[in-house]
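S.K.: Only the shape, not the letters, is given here:
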């Protein structure tokens, strides 16, 4: 093993929090080493295998759907979209690498594992080395969870959300195992590209975390676009035959058989901790296998922090960025930022149209004892939706009848991913529903729908 090097700060993982922290600390004049196990992951999960590449495909899929044509023409556009996705991710990966290097941080390639609380071994193609650090930050992200379904590992037609985006041949028939947000996004993309899509979910309820009315609207929209949803079904096996994959399902109606050119496993993501040997550093895990942290993201080892997906919280790159802010405030600020005071957290499921939400559902608000006011607006009533030729969906807002405060907003409509940020800021600032109802918005925009929704 090479001579052990020492740094003030060691960051494990090139994710949003890790790379931002590396640049910040290096610019302050502190010594920083950032370890990344793959040169294909510079910049983190979001840039390489998640948010950016998938939304690039989502955009290309909508353009392809608008262009129409037979399956062969759509397959050509799909192949071009995959190549454009690769160009985009490669460009962003290089820019992220250069940005961290320019800040003065040292980037080390290899697989990290703890030797003790302050020492990490880095296994690389050129041999093992060791690094010691005063402070260590873990930001290794998450990886797709593949359930132990017989035949899944042996099949040549099974993909995860990461490997699916490398498939150059557009599948005529796609089966998606998992009816969560990732699975539904891919269902929307591939339906727009021209695949016949079937979603298999083990639950009876469709996207059960969402507001019931909104969930029903989303389900109806997907069905109208041709997506088949099979509920309360368990996949008992996958077997390759005659150039395709055959799936055996157990449903309430009995056994069912499906065939597909491609099968996407979309059953969630788990914290990527397998190689770290955290027990040697005194870092404990939660019952669900994530790193246990306090509200300032400190682990059970006082000099080690964890940020992003490894903490078992919301798996969004903007949460990872806010984790950086919390750690930064702990290290050099007033120490007031925590995971408990970052405000309302919005999110978007990039369907067509996208589904965005912040705050409570109607059911949650009533269960918590609020006297609620509910407002709904059909997207067809919004002029900009007609301009966009996508007048599909529903807007729904839940307010406290006593205070006029906004409790939750659900937007299943074009451009909702932009609109929801306005609502997030309104909730955080204590702005009432009446204020949004009476605000002056530009026209024609989707945001001006708030004049009617909150009225």
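M.R.: All right, it came through fine. All values derive from a computational prediction rather than experimental measurement. Residues are numbered from 1 along each chain as shown.
S.K.: Could I get the full set of helices for the chain?
M.R.: Secondary structure of the chain (DSSP state H): helices at 16-27, 45-49, 51-67, 71-103, 161-164, 181-193, 212-224, 317-332, 362-367, 383-387, 416-429, 433-437, 449-453.
S.K.: got the ones you listed as TSV, with mean neighbour count and mean pLDDT columns?
M.R.: Yep, even glycine has a C-beta here, placed from its N, CA and C like the rest. Below are the helices of the chain laid out as TSV (neighbours: other CB atoms under 10 Å; pLDDT from 0 to 100):
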stretch	mean neighbour count	mean pLDDT
helix 16-27	25	98
helix 45-49	24	97
helix 51-67	18	98
helix 71-103	16	98
helix 161-164	19	98
helix 181-193	24	98
helix 212-224	17	98
helix 317-332	20	98
helix 362-367	16	97
helix 383-387	16	98
helix 416-429	19	98
helix 433-437	18	98
helix 449-453	20	98
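S.K.: Please name whichever of those helices is nearest to residue 285.
M.R.: helix 317-332 (17.6 Å; CB to CB).
S.K.: Of all the helices of the chain, which one is nearest residue 373?
M.R.: helix 433-437 (7.9 Å).
S.K.: gap between residue 254 and residue 232?
M.R.: As judged by CB to CB, to the nearest Å, residue 254 and residue 232 stand 12 Å apart.
S.K.: The two: who's more crowded?
M.R.: residue 232 (15 against 7; other CB atoms under 10 Å).
S.K.: circling back to that earlier point, of the helices of the chain, which is nearest residue 394?
M.R.: Judged by CB to CB, the one of those that comes nearest to residue 394 is helix 212-224, at 4.7 Å.
S.K.: Other residues contacting that closest one?
M.R.: Applying CB atoms under 8 Å, 6 or more residues apart in numbering, the contact partners of helix 212-224 are 184, 187-188, 191, 199, 205-208, 210, 229, 351, 353, 355, 357, 361-363, 376, 392-394, 396, 410, 412.
S.K.: Can you flag the buried ones in the residues you listed?
M.R.: With burial judged by 16 or more other CB atoms under 10 Å, the buried subset of the contacts of helix 212-224 is 184, 187-188, 191, 199, 206-207, 210, 229, 351, 353, 355, 357, 361-362, 392-394, 396, 410, 412.
S.K.: Could I get the helices of the chain in a markdown table, plus columns for distance to residue 244?
M.R.: Formatted as a markdown table, the helices of the chain follow (distance: least, CB to CB, whole Å):
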| stretch | distance to residue 244 |
| --- | --- |
| helix 16-27 | 38 |
| helix 45-49 | 25 |
| helix 51-67 | 22 |
| helix 71-103 | 16 |
| helix 161-164 | 16 |
| helix 181-193 | 16 |
| helix 212-224 | 23 |
| helix 317-332 | 35 |
| helix 362-367 | 41 |
| helix 383-387 | 39 |
| helix 416-429 | 35 |
| helix 433-437 | 51 |
| helix 449-453 | 44 |
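S.K.: Quick one, which of those gets closest to residue 140.
M.R.: The nearest among those, by CB to CB, is helix 16-27 at 8.4 Å.
S.K.: next one: that closest one to chain centre, how far?
M.R.: Taking CA atoms, centre = their mean, to the nearest Å, one finds helix 16-27 lying 21 Å from the centre of the chain it belongs to.
S.K.: show me what contacts residue 445?
M.R.: Residue 445 touches residue 384, counting by CB under 8 Å, 6+ apart.
S.K.: what pLDDT does it get?
M.R.: As predicted, residue 445 sits at a pLDDT of 98.
S.K.: Same question for residue 2.
M.R.: For residue 2, the predicted pLDDT is 69.
S.K.: Many thanks, have a good one.
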